[in-house]
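Asks: Dropping a prediction and its sequence here:
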Amino acid sequence: MEGDGELPRERYVRYRRMADRAHSAATVAKTKEARNMYIAIAMTWDALAAQMEDQVERLKLDETLQLWGPALLQRPTERK
């Protein structure tokens, strides 16, 4: 089965590729219903890829917080 044992980067690329294919299929669909179906499929693949992007950003933030500690979350005080 496609996707078994994939690394996260490979999965992300596959999701984007599948979204692109569905968008392409929508542009040449013969009926409005088929076009709408391909657009819905593309949106689902796009959402999965975006979800992975969000997870990567959260991991980067977690790593930064672990490295620099809570000092990053404190707002600098204004000097008067």
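Replies: Structure's in. What do you need?
Asks: for the residue nearest the centre of the chain, helix, strand, or coil?
Replies: Residue closest to the average C-alpha location in the chain (CA atoms, centre = their mean): residue 50, at 1.9 Å. Remark: residue 50 carries the secondary structure label helix [criterion: DSSP: H, G, I helix; E, B strand; the rest coil].
Asks: which residues sit in contact with it?
Replies: Taking CB atoms under 8 Å, 6 or more residues apart in numbering as the contact definition, residue 50 lies against nothing. C-beta here means a position set from N, CA and C on the backbone, and glycine is covered the same way.
Asks: change it to 10 Å
Replies: Neighbouring residues of residue 50 by CB atoms under 10 Å, 6 or more residues apart in numbering: 12, 15-16, 19.
Asks: On the pLDDT front, check it for me.
Replies: Among the per-residue scores, residue 50 shows a pLDDT of 90.
Asks: before we move on, what about residue 1?
Replies: The predicted local confidence for residue 1 comes out at a pLDDT of 53.
Asks: thinking again about what came up before, quick check: the gap between the residue nearest to the centre of the chain and residue 33.
Replies: 26 Å (CB to CB, to the nearest Å).
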